[in-house]
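Engineer: Sequence first, predicted coordinates after that:
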Amino acid sequence: MIKWIIVILGLVAAGFGVSHFFHTPEDLSKIPWEQMVEPGSLSKAHAFLADDCLSCHTPVEGVERDKCVACHANDKHIVARQPTAFHADITECASCHTEHQGEDAKISLMNHIALVDIGFNMLPNPNVPFDEGAATMAFLENVLANKQTADPLFVHPDVSDKEALLNCSQCHSNDDRHFTLFGEDCVQCHSTDKWSLPTFIHPSSQSRDCNQCHEAPPSHYMQHFKMISAKVAGEPKAKVEACYACHQSTSWNDIKRAGWYKHH
């Protein structure tokens with residue numbers, strides 16, 4: 001026991017505060033002393049650093065961005081892909097990438113609230129706490145200054161106030177199946193934990209307003225539409241915008257008078 005106490009005191013004396021072995025401990029009194037010395041196995045990707053704590057940890061400061069960048073600066077695909085391009089400007093890594101959770105742990109969990117916090121910390125005065133009222137006022141002032149018309153401020157009930165400040169389309173426009181028909185404020189309908197909308201009720205199959213939500217594929221604006229698509233459906237005079245003339249609501253490939261037809 002004395003041996004371990006000496007080890008712990010030695011680590012503290014060297015500048016390793018307990019909090020630097022864990023990213024966000026909720027209650028230090030509940031953490032056993034063994035875990036302070038052995039916080040847990042690293043993931044498979046970082047397993048080769050198991051005996052070299054200083055590769056990631058800095059005395060007193062903890063895990064710093066510069067040490068992460070030293071290894072990952074050459075991961076060009078991270079900044080080349082739209083969903084992860086924001087890493088080029090990020091100033092802190094440990095909020096989303098937490099280690100010491102075991103070899104099979106996934107250390108790339110997306111934390112949208114942490115992303116907002118990081119963004120606020122990058123502002124000129126990081127000591128000012130988040131203020132929803134001030135943030136809303138700044139948004140409205142920006143809208144008025146640029147003579148813009150504010151969209152209806154509908155926000156999904158599972159989206160937090162902080163998450164609602166994010167510009168979803170900046171990272172997810174390539175995932176937009178609506179082709180911007182619903183605008184760029186994704187949080188009006190979607191939560192940040194999943195894209196699906198379990199509560200969504202599709203309009204009646206008799207509706208003729210399909211093109212308000214669904215955009216035709218590029219081939220429909222070429223000769224392909226008249227030469228093949230419209231003929232297969234038996235609607236030679238059909239217009240591209242009149243989706244209901246050829247398609248059924250069960251599936252896009254369930255064509256009237258033709259059944260399941262895959263030709264794209």
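Structural biologist: Thanks, I have the structure now.

Engineer: which sections of the protein are below the confidence cut-off?
Structural biologist: The chain contains residues with pLDDT under 70 at 1-37, 122-130, 132-133, 135-137, 139-153, 263-264.

Engineer: dump the residue contacts of the residue nearest the centre of it.
Structural biologist: Compute the mean C-alpha point of the chain, and by CA atoms, centre = their mean the closest residue is residue 110, 5.7 Å away. By CB atoms under 8 Å, 6 or more residues apart in numbering, the contact set of residue 110 is 96, 192. In short, each C-beta sits where N, CA and C put it, glycine included.

Engineer: what about it, which SS state?
Structural biologist: Classification of residue 110 by DSSP: H, G, I helix; E, B strand; the rest coil places it in coil.

Engineer: and it, how far is that from residue 55?
Structural biologist: Separation of residue 110 from residue 55 (CB to CB, to the nearest Å) stands at 25 Å.

Engineer: where along the stretch 1-150 of the chain do the strands fall?
Structural biologist: For the stretch 1-150 of the chain, the strands defined by DSSP state E, counting those that start in this stretch occupy 57-58, 62-63.

Engineer: Would you reformat the ones you listed as JSON lines and include mean neighbour count?
Structural biologist: Output for the strands of the stretch 1-150 of the chain, formatted as JSON lines (neighbours: other CB atoms under 10 Å):
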{"stretch": "strand 57-58", "mean neighbour count": "16"}
{"stretch": "strand 62-63", "mean neighbour count": "17"}
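
Engineer: among the ones you listed, which is nearest residue 224?
Structural biologist: Closest to residue 224 of these is strand 62-63 (CB to CB; 54.7 Å).

Engineer: one step back: make JSON lines out of the strands of the stretch 1-150 of the chain and add distance to residue 177.
Structural biologist: Shown next, in JSON lines, are these (distance: least, CB to CB, whole Å):
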{"stretch": "strand 57-58", "distance to residue 177": "43"}
{"stretch": "strand 62-63", "distance to residue 177": "37"}
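
Engineer: among those strands, which is nearest residue 227?
Structural biologist: strand 62-63 (60.8 Å).

Engineer: what's the spacing between the closest one and its chain's center?
Structural biologist: 24 Å (CA atoms, centre = their mean, to the nearest Å).

Engineer: partners of it in the sheet?
Structural biologist: Sheet partners assigned to strand 62-63 using DSSP bridges are listed as strand 57-58 (antiparallel).

Engineer: so what strands line up beside the longest strand seen in the chain?
Structural biologist: Counting by DSSP state E, the longest strand found in the chain is strand 251-255. Counting by DSSP bridges, the strands paired with strand 251-255 are strand 247-248 (antiparallel), strand 259-260 (antiparallel).

Engineer: winner for burial among those?
Structural biologist: Comparing these by mean neighbour count (mean count of other CB atoms under 10 Å), strand 247-248 ranks first with a mean of 16.

Engineer: Centre of the chain to that strand, how far?
Structural biologist: Distance of strand 247-248 from its chain centroid, counting by CA atoms, centre = their mean, is 33 Å.

Engineer: Check stretch 78-91 too.
Structural biologist: Counting by CA atoms, centre = their mean, stretch 78-91 comes out at 12 Å from the chain centroid.
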